[in-house]
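**Q** Got a predicted structure plus its sequence, pasted below:
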Amino acid sequence: MTRRRWAFHCLCAAAMFPISGARAGVWGIDPVLGIAAGYSTNPALMNGTHEAETDAALLLDAPTTYNGNHFTFFAVPSFRLSTNSGYSSLASDYEHLNLKGMYGTERSTLSAGASVARDSSLYHDYLSDGSTGVRRDTVTADLNWDRLLTERTDADMDVNSVLVKYGRSAGVATLTDYRYASISPSLSRVTGERSKYTVSASVGRYTSLDGTTESRSANLQLGLLRQLTEIWSLTGTIGYSRALNQQEIDKQFLVFTPNGPQIEIVPVQYESSQNGAVYMVDLSRKGSLLTVDVVASRQLVPSGFAYLSRQISFEISANYAYSERWSFGMDAHYLKARDPQLQGGLSERTPKYVSLNASWRCSEFWTATLAATRVMELFKPSNTEPTSNEVSIKFSRKFNHIDFH
């Protein structure tokens, strides 16, 4: 399927999504069109010989909403089409379509979401597949039900499924097509004006599409949401996670028969486990001028390797509205991942990036954004450490909100 056909199917899916009672509500769209140009010293994060790259891209976002009496629907198609088409760089093309519908009453909220995406394994997480990134196709579905049991007690149930397929690698294939599904119930209680406690559990199943590996996981966590001041809040969860891994391979054995020696293929099953603490801490500041978010976490994450990947992540982001026209932002991210391999053992990767940006609102509808980013990644046991420096400029045009009555 070509990129144009993929984009066409995304738009068709958004147009055909069924909405009961749509005539009773209001449809609206907020289109944003952008053009961007960028320069990267190592866009594919190659460790050896590499070339710098300059590219230009057309960006399109078209958030579409529907608001009825009790029902709300969102459709967000998003596209990037660049002069250097492909999926093996930090600035790869993408086509995303996110759909979400919510139905609410006084005590309950039911929401369902779905998304389809085509982008790069390198674009989001700086994964490598052989020597360069590859195309990644993703389909997700999510169903969530939230029920207010009492004035202070709330119950929630979330069911999630994701299917990921990767393109052909230019080097040795290290990523595996997979399917992951999970069920996560939780119970929360408000104990005061500023405190909320939660207890949550989840079970999940991670399977490679070729049937060679499987991981069944479960975890139990306790959480706290605390409003420290009017603008500062703290959210934290801590718990224990257990994953049972299974791999099936065919081994060849030499057997002696009356007709002579023969090779017999016998399926062999290997089992292992990944156990340990999991946590998440989020400290945020939401002010009129300055917003800050600091997040630290340790989780088992599906990421295209033999089993679930254990990842420790730290991220800090901030945005400062200097004036009505100028704003400044920064984002820094550190990730340490231990990825199980099909051959056994673990590989370790540590991607890090720091990004600074400045936005100038040229007029009521036009905004210019200048950004500078440095990306670094360390691979073990090979101890390779590719880096890339990037600068980009983007002009975006936001159109007036369009209502469809």
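**A** The structure has been received and is ready for your questions.
**Q** Break down the stretch 1-150 of the chain into its helices, ranges please.
**A** 3-16, 121-125 (DSSP state H, counting those that start in this stretch).
**Q** can you tell me which of the ones you listed the model trusts least?
**A** Of all the helices of the stretch 1-150 of the chain, mean pLDDT reaches its minimum on helix 3-16 (a mean of 46).
**Q** Determine the number of other residues adjacent to Ala117.
**A** Neighbour count for Ala117, taken as other C-beta atoms under 10 Å: 19. C-beta: built from backbone N, CA, C; applies to glycine.
**Q** same question but for Pro381, I mixed them up
**A** Neighbour number of Pro381 under other C-beta under 10 Å is 9.
**Q** In space, what's closest to it - neighbours in sequence excluded?
**A** Ser347 (7.2 Å; C-beta to C-beta, 6 or more residues apart in numbering).
**Q** surely the one you found meets Leu378?
**A** No: counting by C-beta atoms under 8 Å, Ser347 does not reach Leu378; the two are 11.2 Å apart.
**Q** tell me the phi and psi of Pro258?
**A** Here is the backbone geometry of Pro258 (degrees, to the nearest 10): phi -60, psi -20.
**Q** Tell me the pLDDT of it.
**A** 81.
**Q** Quick one: the strands in the stretch 51-200 of the chain, in order.
**A** 53-61, 64-67, 71-82, 94-104, 108-120, 135-148, 153-166, 178-190, 195-208 (DSSP state E, counting those that start in this stretch).
**Q** Averaged pLDDT, the shortest one. What do you get?
**A** Along strand 64-67, the predicted confidence averages to a pLDDT of 92.
**Q** Would you list the strands that that strand pairs with, along with their directions?
**A** strand 26-29 (antiparallel), strand 71-82 (antiparallel) (DSSP bridges).
**Q** The fourth one too?
**A** The strands beside strand 94-104 in its sheet (DSSP bridges) come out as strand 71-82 (antiparallel), strand 108-120 (antiparallel).
**Q** need those in a markdown table with distance to Val159, can you?
**A** Listed next are the strands paired with strand 94-104 as a markdown table, based on distance: least, C-beta to C-beta, whole Å:
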| stretch | distance to Val159 |
| --- | --- |
| strand 71-82 | 19 |
| strand 108-120 | 10 |
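**Q** Could you export these as TSV, including distance to Lys196 and mean pLDDT?
**A** Shown next, in TSV, are those (distance: least, C-beta to C-beta, whole Å; pLDDT from 0 to 100):
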stretch	distance to Lys196	mean pLDDT
strand 71-82	24	95
strand 108-120	17	95
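**Q** and of those strands, who's closest to Arg397?
**A** Closest of the strands paired with strand 94-104 to Arg397 is strand 71-82, at 15.0 Å (criterion: C-beta to C-beta).
**Q** Next, the angle from the closest one to strand 53-61.
**A** Taking axes from the mean of the first three to the mean of the last three C-alpha atoms, to 10 degrees, one finds strand 71-82 and strand 53-61 inclined to each other by 160 degrees.
**Q** Extract the C-alpha trace of strand 71-82 and format it as PDB.
**A** Provided in PDB are the C-alpha atoms of strand 71-82 (Å, rounded to 0.1, in the frame of the first residue of the first chain):
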ATOM      1  CA  PHE A  71     -22.300  11.900  23.300                       C
ATOM      2  CA  THR A  72     -18.900  13.400  22.100                       C
ATOM      3  CA  PHE A  73     -16.800  12.200  19.200                       C
ATOM      4  CA  PHE A  74     -13.300  13.100  18.100                       C
ATOM      5  CA  ALA A  75     -11.500  12.300  14.900                       C
ATOM      6  CA  VAL A  76      -8.000  13.500  14.400                       C
ATOM      7  CA  PRO A  77      -6.300  12.700  11.100                       C
ATOM      8  CA  SER A  78      -2.600  13.800  11.000                       C
ATOM      9  CA  PHE A  79      -0.100  13.600   8.100                       C
ATOM     10  CA  ARG A  80       3.500  14.500   7.300                       C
ATOM     11  CA  LEU A  81       4.700  14.400   3.700                       C
ATOM     12  CA  SER A  82       8.400  15.300   3.100                       C
END
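**Q** How far off centre is it?
**A** In terms of C-alpha atoms, centre = their mean, to the nearest Å, the centre of strand 71-82 is found 16 Å from the chain centre.
**Q** Flag every buried residue along it.
**A** Neighbour counts over strand 71-82 (16 or more other C-beta atoms under 10 Å) mark Phe71, Phe73, Ala75, Val76, Pro77, Ser78, Phe79, Arg80, Leu81, Ser82 as buried.
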